[in-house]
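Trainee: following is a predicted model, sequence given first.
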Amino acid sequence: MGLKLNILLCDARSEPILLKNCIWEPAPNQAVTVGQALIALGVVTGQTDPKISRKGCFGVFGKRKDWDSPVYDGDRLELYGELLIDPMEARRKKANKNLDARLQAKAAGRKGRFLSK
């Protein structure tokens with residue numbers, strides 16, 4: 001009798017998001033890694049599978065993991081979809097939006113000051 005791992009597979013690559021409880025019983029000499037779990041659960045065929053070709057497309061509990069990262073009983077193994085917007089661009093837009101609002105408020109204050117005279 002070997003080690004049994006209860007893993008929750010969360011596939012967020014498409015709508016609706018798939019949540020599936022899986023039980024994986026690795027062989028005694030098999031590595032207990034994220035990569036081996038993905039292969040055993042039938043998600044991919046290997047590390048070079050085109051389904052996971054981009055960096056950061058899988059993780060555990062919201063943290064990106066590497067292929068050789070360990071996986072433990074009760075972990076939630078997640079498969080992520082592609083980003084819809086670049087995080088740097090989103091931060092830049094938000095910063096510019098706040099800057100525009102401050103400049104407009106400052107200009108409105110100046111305008112009111114000159115009109116009152």
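Mentor: That came through fine.

Trainee: from now on I want contacts and neighbour counts done on CA atoms only, so please keep to that.
Mentor: Will do.

Trainee: got phi/psi on the most centrally placed residue in the chain?
Mentor: In the chain, the residue lying closest to the centroid (Cα atoms, centre = their mean) is residue 80, at 5.1 Å. Dihedral pair for residue 80: phi -100, psi 140, per degrees, to the nearest 10.

Trainee: and residue 40, by the same measure?
Mentor: According to degrees, to the nearest 10, residue 40 has phi -60, psi -30.

Trainee: that one: neighbour count?
Mentor: Using other Cα atoms under 10 Å, residue 40 has 16 neighbouring residues.

Trainee: and residue 19, backbone torsions?
Mentor: Backbone torsions of residue 19, given as degrees, to the nearest 10, read phi -120, psi 130.

Trainee: just to revisit the earlier point, wait, the residue nearest to the centre of the chain sits on residue 61?
Mentor: No. Judged on Cα atoms under 8 Å, residue 80 makes no contact with residue 61 at a distance of 11.5 Å.

Trainee: okay, buried residues for the single longest helix found in the chain please.
Mentor: When the chain is parsed with DSSP state H, its longest helix is helix 87-115. Across helix 87-115, burial judged by 16 or more other Cα atoms under 10 Å covers no residue at all.

Trainee: show the average pLDDT along that helix.
Mentor: Regarding helix 87-115, the rounded mean pLDDT is 75.

Trainee: just the pLDDT for the residue nearest to the centre of the chain.
Mentor: Looking at residue 80, its pLDDT reads 82.

Trainee: mind listing what it touches?
Mentor: 11-13, 56-59 (Cα atoms under 8 Å, 6 or more residues apart in numbering).

Trainee: pull the number of nearby residues for residue 9.
Mentor: Residue 9: 21 neighbours (other Cα under 10 Å).

Trainee: now the end-to-end length of stretch 33-44.
Mentor: 14 Å (Cα to Cα, to the nearest Å).

Trainee: go on, stretch 27-35?
Mentor: 14 Å.

Trainee: by neighbours, which of the contacts of residue 80 wins?
Mentor: Counting by other Cα under 10 Å, top hit in the contacts of residue 80: residue 58 with 25 neighbours.

Trainee: need the contact list for that residue.
Mentor: Residue 58 touches 52, 64-65, 77-80, counting by Cα under 8 Å, 6+ apart.
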